[in-house]
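here is my input, please return the structure:
(2 chains)
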Amino acid sequence: MKSIWENYKTDVAYDELMYSEFQPRPMSHSLCQYLNSLKKEDIDKRKIAAELAIMEMGITFTVYTDEGNIDRAWPFDIIPRIIDSKEWNVIEKGLKQRLTALNHFISDVYGEQQFIKDGKIPSETINSSKNFRKECVGMKPKHNVWANICGTDLVRDKDGIMYVLEDNLRVPSGVSYMLENRVITKRVFPELLQDINILPIDDYPAQLQDMLSSIAPVEGNPQIVVLTPGIYNSAYFEHAYLAQQMGAQLVEGSDLVVKADNCVYMRTIEGLEKVDVIYRRIDDDFLDPEVFRKDSALGVPGLMRAWKAGNVALANAPGAGVADDKVVYAYVPEMIRYYLNEEPILPNVPTYLCSNKDHFDYVMEHLAELVVKPANESGGYGMLVGPHSTAKEVEAFRKVIQADPRNYIGQPTLAISTAPTLCKGKLEPRHIDLRPFILQGEKTFVTAGGLTRVALKKGSLVVNSSQGGGSKDTWIINMENS
Amino acid sequence: MLSRSAERLYWLARYVERTENTAKLVSVHMNLLMDLPKGVEMGWQQLVRINGVEQDFLEKNKAINERTVTRFLLTDANYSGSLLSSLTAARENIRTTRELLPDEAWEQVNEMYLYVQKNLDAVSNRRSRVLFLNEILKGCQRFTGLLSGYMSHHHPYRFIRLGRNLERADMTSRILDLASLLLSESRSDELRQYETILWMNILTALNALLMYRQHVRTRIHGDDVLDFLLHDQHLPRSVSYCLQEISDCVSRLPNNDGLPDKVTELTEYIQTINTHNATQLQLRGILDDLQNKLGAFHGHINSNWFLRATPEQEG
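Predicted structure coming up:
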């Protein structure tokens, strides 16, 4: 019988689980031993069982296409990704450090602007940021925290070092998939999970609830709601899931109303009920038609009034996205030094800002080797991966950058790490990233691991679910007690 | 709870109940036709008739037969009253109220939906249709059972009970419509011979045969069956019992202004219905009237709890 590992290549990039085809890294020993003890049919059976569970649990995401919106089953690879808890502890500290610095920065931007005055960042970079909201100047959210929920994307390069690729501070999604992936793994590999010391992740909803309570403007038992754009949003499943797990109300804009007293109420069968905390999953632009986009039917007229009056907490705070800009990203290591007087624990990927003359020239010269991204897009749209593009595509993109240099950054193309992924009954290396979720309110919390996304297409570096990506369960393993 | 959620739960329950009733109706009708000799006037057209959709049906189908009627009632996505459409609507409603319900409730509805999608062709063949209908009936029962066992019997649950019982009362009255055909003066002697079997099937369609035997204890007789299904105080699918359930929910829900009186009115009206010695025409008139009153009651629920009051109105 042929091994599922046959011809497994570990020379494409750093492999998370294997030194080589025959040699697992220490923390993947038990997993490999177990997989090798299974017959090929057994592995196939488990894959089918996982797919069935996903269908029945109705774990879906929506893809927007020309033919309309399609609800797709969440593509899941049953082979987990494993990280040693010793390494994880360092990453966790680094993530807390980073979000703390980012929140200092956002407070500063909407306050004294000392970082700008001290010449650490050009004022144009802030003023020209799409996500800088002048309406938020002077606001002081509770605990001085603006970004309460952050999803930070990490990738490991061939040198084995984990780099921060970006900080998602607006409405990061994916945490429900992280939780559901574990539920499925428990169903599919019950024997395995019993014997390995994997850190649990299922307290996330409780932590989220604690964090949201901690930012409420009132003491006691605040009324928390999750504000969704509705069923047609690609992350609707997650909105409903989190509301359910927290026992919070899932509301749409039309369920809420702001009255003359500048308080937010929801329309219930008992009349209007006051709302204290809104975990909003709607972008700033659509939040309040009185202030932002006038045509927004998703938001709540007057919501900004209520927030500014201190009668309701919004998570994340409006305007927090100013730090979720790929140009501002380049300054995060400096923020850590400036606000915390510490050295960054997690490194940034070297970043060339096209707004800077020298950097711009460098990007133009090396375009075919670089990854170039727009400063404010998410979902992997509108970017150029130089080495994977034709000369024609590169030239076309050059014009796009030249037209709007402020909006583009360049980064070296990383050989992002791989992990064994089940492809047609065999294991093959596929590129992966990691999105841990960090909560900050009164306290700071990091998920044990996060959502591992995998580019299912051979050689592809794009892990976004809307573009052919899937996901894996992520195990943080404590090697010392096992 | 949100008005919007209340409305969706109410409709979720109505659609699941409708799914179950449609499955039950087709299943019982199949059994009935197997007992009757070929050529008697009870045929598949009656099923279309009691749902009041003859015109819809005839626009799409040339022939009225087992194949076209079952396909129409079970899997026609373009007929809003089909089992498939009801289940799809139930799934959409539960998808938007998941946060209020146990996970298993969503999974149950989703599983049934996937099952139906996968077995659309099963309904054309009698044997696989039986299996298909059984699966749906069991699924609906599991759904009802797990809500009853897993969910706090508070406001959200009351809206579910409200929807379920209003739908149930309506369906019972429609099944009695089928009975009214039996009273037709012009029915043949041949059909008259099978009257007991027909009434038994009416009872079976409402899972009431055993209870009828235990409580009425006479041989099956049309007037008694009608009376039992309209007025019995203990049978879960009798119209009166559904009204008791509705009354209980309404009285415990907040902001129920005026609605308890409306329930009392409706209950009293049902008590006065007398079907003894009614002719077919009279019975049809009575049932039409009952269905209209149930529809009007839905209107009261809707305007009382679901329509969003403007903030000015609510002070």
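
and chain B, which residues reach chain A?
B:1-6, B:92, B:95-96, B:98-101, B:103, B:106-107, B:110-111, B:114, B:155, B:253-255, B:305, B:308-309, B:311, B:314 (C-beta under 8 Å from any C-beta of the partner chain). Glycine gets a C-beta too; all of them are placed from N, C-alpha and C.

now do 6 Å
With the criterion set to C-beta under 6 Å from any C-beta of the partner chain, chain B comes near chain A through B:1-4, B:6, B:96, B:98-99, B:107, B:110-111, B:254-255, B:305, B:308, B:311, B:314.

buried ones from the residues you listed, can you make that a ChimeraX selection?
Buried members of the residues of chain B next to chain A, identified by 16 or more other C-beta atoms under 10 Å in any protein chain shown, are gathered into one ChimeraX selection as follows:
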select /B:1,2,3,4,6,96,98,99,107,110,111,305
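
residues contacting the closest residue to chain A within chain B?
Chain B approaches chain A most closely through B:E99 (3.8 Å), counting by C-beta to the nearest C-beta. For B:E99, the contacting residues are A:240, A:243-244, A:250, taking C-beta atoms under 6 Å, 6 or more residues apart in numbering or on different chains as the criterion.

not counting residues beside it along the chain, what's closest to B:P254?
Taking C-beta to C-beta, 6 or more residues apart in numbering or on different chains, and ignoring the residues beside it in sequence, B:P254 has A:E270 as its nearest neighbour in space, at 4.4 Å.

same thing with A:E16?
Taking C-beta to C-beta, 6+ apart as the measure, A:E16 lies nearest to A:A419, with 4.3 Å between them; neighbours along the chain are not counted.

which members of the contacts of B:E99 are the farthest-apart pair?
When those are compared pair by pair using C-beta to C-beta, the two farthest from each other are A:Q244 and A:L250, 7.7 Å apart.

the more surrounded of these two?
Each of A:Q244 and A:L250 had its neighbours counted (other C-beta atoms under 10 Å in any protein chain shown), and the higher figure belongs to A:L250 (27 against 21).

surely that one touches A:A243?
Yes - taking C-beta atoms under 6 Å as the contact criterion, A:L250 and A:A243 are neighbours in contact, 3.8 Å apart.

overlap in contacts of these two?
Residues touching both A:L250 and A:A243 by C-beta under 6 Å, 6+ apart: A:226, B:99.

need the residue closest to the centroid of chain A.
For chain A, the residue sitting closest to the mean C-alpha position, by C-alpha atoms, centre = their mean, is A:G151 at 3.3 Å.

for that one, phi and psi?
Phi and psi for A:G151, reported as degrees, to the nearest 10, are phi -120, psi 110.

what's the answer for the one 4 residues further on, then?
The main-chain torsion angles of A:V155 are listed as degrees, to the nearest 10 and equal phi -140, psi 150.

for the stretch 51-200 of chain B, what are the low-confidence residue spans?
Judged by pLDDT under 70, the stretch 51-200 of chain B has its weakly predicted residues at B:182, B:184-187.

and what of the stretch 301-450 of chain A?
Going by pLDDT under 70, which is the cut-off in play, the stretch 301-450 of chain A has low-confidence ranges at A:377-380.

where along it do the helices fall?
For the stretch 301-450 of chain A, helices defined by DSSP state H, counting those that start in this stretch occupy the ranges A:303-308, A:326-329, A:332-335, A:357-365, A:391-403.

out of those helices, which is closest to chain B?
Once C-beta to the nearest C-beta is applied to these, the stretch that comes out nearest is helix A:303-308, at 13.2 Å.

got the CA coordinates for that closest one in PDB?
Presented in PDB, the C-alpha positions along helix A:303-308 are these (Å, rounded to 0.1, in the frame of the first residue of the first chain):
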ATOM      1  CA  LEU A 303     -26.100  56.100  16.200                       C
ATOM      2  CA  MET A 304     -23.100  58.400  16.200                       C
ATOM      3  CA  ARG A 305     -24.900  60.900  18.300                       C
ATOM      4  CA  ALA A 306     -25.700  58.300  20.900                       C
ATOM      5  CA  TRP A 307     -22.100  57.000  20.900                       C
ATOM      6  CA  LYS A 308     -20.600  60.500  21.200                       C
END
